[in-house]
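Student: Turn this into a model:
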Amino acid sequence: MTRLVLTRKVDEEIIISNGNKQVVCSIGVSKIDRNSVRLSFEADADLKIDRKEVFESKYGKKTKAS
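Tutor: Numbers count the residues shown, from 1 in each chain. All right, here's what the predicted structure looks like:
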């Protein structure tokens, strides 16, 4: 797994694409507070998006980033 750290401001987006140059997911910064960031995700329904703790609870395993 690779890691990329980006800095974004409110209303800026990050695009995730596949090897065929097709957009898989768009992630937008909706709101920034002192200790939290609100993100919005746009993706096809077949792409599952979970918070880390929800993913680990569903599948009973830790992610590599743990």
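Student: So residue 37 sits against residue 31, correct?
Tutor: Yes. Between residue 37 and residue 31 a contact is recorded at 7.3 Å, counting by C-beta atoms under 8 Å. For glycine as for every other residue, the C-beta is placed from the backbone atoms N, C-alpha and C.
Student: send the alpha carbons of stretch 34-53 over as CSV?
Tutor: Provided in CSV are the C-alpha atoms of stretch 34-53 (Å, rounded to 0.1, in the frame of the first residue of the first chain):
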residue,chain,number,x,y,z
ARG,A,34,-10.4,23.0,14.9
ASN,A,35,-10.1,19.2,15.3
SER,A,36,-12.0,17.7,12.5
VAL,A,37,-12.4,17.8,8.7
ARG,A,38,-15.7,17.0,6.9
LEU,A,39,-15.1,15.1,3.7
SER,A,40,-17.6,14.3,0.9
PHE,A,41,-17.2,11.3,-1.4
GLU,A,42,-18.7,10.7,-4.8
ALA,A,43,-18.3,7.2,-6.2
ASP,A,44,-20.2,4.5,-7.9
ALA,A,45,-22.4,2.5,-5.6
ASP,A,46,-20.3,-0.6,-6.1
LEU,A,47,-17.3,1.1,-4.4
LYS,A,48,-17.6,0.6,-0.7
ILE,A,49,-16.4,3.5,1.5
ASP,A,50,-16.1,3.1,5.3
ARG,A,51,-14.4,4.7,8.2
LYS,A,52,-11.5,2.6,9.3
GLU,A,53,-13.2,1.4,12.6
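Student: neighbours around residue 24, how many?
Tutor: 12 (other C-beta atoms under 10 Å).
Student: quick one: pLDDT of it?
Tutor: Among the per-residue scores, residue 24 holds a pLDDT of 94.
Student: need the longest strand for this structure.
Tutor: Across the chain, the longest stretch assigned as strand under DSSP state E is strand 23-32.
Student: who does that one touch, helix- and strand-wise?
Tutor: strand 13-17, strand 37-43 (3 or more C-beta pairs under 8 Å, 6 or more residues apart in numbering; DSSP states H and E).
Student: Give the pairing partners of the shortest one; include direction for each.
Tutor: Just to be clear, that refers to strand 13-17. strand 23-32 (antiparallel) (DSSP bridges).
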